[in-house]
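Participant: Using only what follows, build the 3D model:
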Amino acid sequence: MLGRYLLTIDALGMAIGTAVADCFNETHMFNPRWPPHAKFHNVQTVLLAETLSALTLYYTWRRAKTPELRREFLFIAAITGSIYWFAGLLSILPPGTMGVDPEFGGPAFPQAKIFVGFMTAGLLGAWLEWR
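Facilitator: This is a model prediction of the structure:
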């Protein structure tokens with residue numbers, strides 16, 4: 001059961017954290033310096049995170065008729081629960097990207113610890129339930 005709770009923490013962190021960090025503050029959607037196309041991609045990313053979060057919760061708590069099916073569900077939950085965080089970690093690699101815009105204290109990448117923490121919770125949770 002601990003594993004399912006960890007997967008749930010991962011999914012809720014993705015759903016709530018993404019919405020708060022990327023939509024409801026002055027650094028993204030309410031930043032007047034952001035062009036409309038950047039805001040479009042921001043919303044696209046947030047909706048992807050919300051979808052992955054919902055799928056993670058669905059497969060984490062879905063009842064399975066067999067142990068094999070239960071493992072399949074947990075494997076899917078591990079993927080959907082970690083793919084957003086993994087992509088976030090890789091997003092800093094292309095030249096010219098920053099985790100924080102200069103007007104808000106960048107260059108910096110404070111999200112890295114958060115991304116690793118939630119991804120670890122989800123993967124550890126899946127492993128605890130799967131074994």
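
Participant: Just say helix, strand or coil for Thr27.
Facilitator: The three-state label given to Thr27 by DSSP: H, G, I helix; E, B strand; the rest coil is coil.

Participant: Number of residues surrounding the nearest residue to it once chain neighbours are set aside?
Facilitator: Nearest non-adjacent residue to Thr27, counting by C-beta to C-beta, 6 or more residues apart in numbering: Phe104, 5.4 Å away. For the C-beta atoms, the positions are set from N, CA and C on the backbone; glycine is no exception. Phe104 has 12 neighbouring residues, counting by other C-beta atoms under 10 Å.

Participant: I'd assumed Asn25 was in contact with Phe104.
Facilitator: No. Using C-beta atoms under 8 Å, Phe104 makes no contact with Asn25, being 9.5 Å away.

Participant: Give the buried residues for stretch 42-49.
Facilitator: Asn42, Thr45, Val46, Ala49 (16 or more other C-beta atoms under 10 Å).

Participant: Please tell me how far the residue nearest to Thr27 sits from Val20.
Facilitator: 15 Å (C-beta to C-beta, to the nearest Å).

Participant: Check Pro36 too.
Facilitator: Counting by C-beta to C-beta, the gap from Pro36 to Val20 is 22 Å.

Participant: Who has more neighbours out of those two?
Facilitator: Val20 (10 against 6).

Participant: So the more buried one, which state does it fall into?
Facilitator: Relying on three-state DSSP, one would call Val20 helix.
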